[in-house]
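# mind folding the following:
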Amino acid sequence: MHNSTVPKGVLVNAGGISRVDCHVKVLDETVVERATRAGLDAIVYAPHFTRLPDIRERAAAYSTDELLVVPGREVFTGSWHDRRHVLALGLEEPVPDFIPLEAAMAEFERQDAAVLAPHPEFATMSITGPDLHQYAETIDAVEIFNPKHFPSHNRRARKLATELDLPPFTSSYAHLPRSVGTAHTAFDAEIDTEADLVAAFEDGVSRTVVYENGLERVRTTARELAHLCYENTWKKADRLFLSAVEPTHPRHIAYDGRFDDVSVY
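Down below sits the predicted model:
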């Protein structure tokens, strides 16, 4: 398996290459237009606190002949004070937030989902180095470049992926439409369906991590970090995270009691 990292604008072999922004939080006509203009073949749509059926419905509605929108779930494991985000693709059944990391990983394995580690060791919301070591057999790829990261975060993520011999990926992690396409993963494979992307991750298909550098990257980082600060105020956390009526709360009626015994709230 060959993996490499290049700044955006460096040409890679276009034969059989599929360019995928592996994690975006927003999806509308503007996002599709921007992704298509950036030459992407697919994006992974994984909004917070949204149930899988709703994500699938929206992804299907915005997929076009030029752009595949793949549904994903970034599951918010643990409590607000001890949280880990894990990105899963190819789920057949919904998995709630606010369950322990080990319970989420067991459910991903049961469903044979592709499991990705987004923004490792970033802030207080990410899988840690010890987590990566513990679940190295379950995790299919580690994000080694994220526009929200400072350079030291990206270096640490790259080091962890190398130490564990886990394949890399990148994404725009776009919470704002204008960030879509600022980073993508170019797979040496034709990816036309969700199943194709899941297989590319699970089979360790060769890939290239491609990203913007320079002033525009700095602007993207600043915009996205400002949005992150807004998004993570305690007021919003209290509203979203502690109500059993929220759609991804494990005690929500949609999960039929299957996760009641592991709910952290």
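# count the neighbours of E92 for me.
Residue neighbour count, defined by other C-beta atoms under 10 Å, stands at 9 for E92. C-beta: built from backbone N, CA, C; applies to glycine.
# which strand or helix spans the nearest residue to E66 once chain neighbours are set aside?
Sequence neighbours aside, T36 is the residue nearest to E66 in space, at 5.1 Å (criterion: C-beta to C-beta, 6 or more residues apart in numbering). Taking DSSP states H and E as the definition, T36 sits inside helix 29-37.
# re the thing from before, just checking, the residue nearest to E66 touches Y62?
No - under the criterion of C-beta atoms under 8 Å, T36 makes no contact with Y62, lying 11.0 Å away.
# for the residue nearest to E66, give me its contacts.
For T36, the residues meeting the contact criterion (C-beta atoms under 8 Å, 6 or more residues apart in numbering) are 64, 66-67.
# restricted to buried residues, select those in PyMOL.
Selecting just the buried residues from the contacts of T36 in PyMOL takes one command, with 16 or more other C-beta atoms under 10 Å as the test:
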select buried, resi 67
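# in helices only, show me the contacts of T36.
Judged by DSSP state H, those include no members of helices.
# make TSV from the contacts of T36 and add pLDDT and distance to T124 to it.
Below are the contacts of T36 laid out as TSV (pLDDT from 0 to 100; distance: C-beta to C-beta, whole Å):
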residue	pLDDT	distance to T124
T64	98	37
E66	97	38
L67	98	33
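# closest one of the contacts of T36 to V44?
V44 lies nearest to L67 out of these, by C-beta to C-beta, at 11.7 Å.
# which residues touch the closest one?
Under the criterion of C-beta under 8 Å, 6+ apart, the contact list for L67 reads 32, 35-36, 40-43.
# and the strands in the protein?
If you assign secondary structure with DSSP state E, the strands in the chain sit at 3-7, 18-24, 42-45, 68-79, 82-89, 114-117, 141-145, 168-170, 183-187, 207-211.
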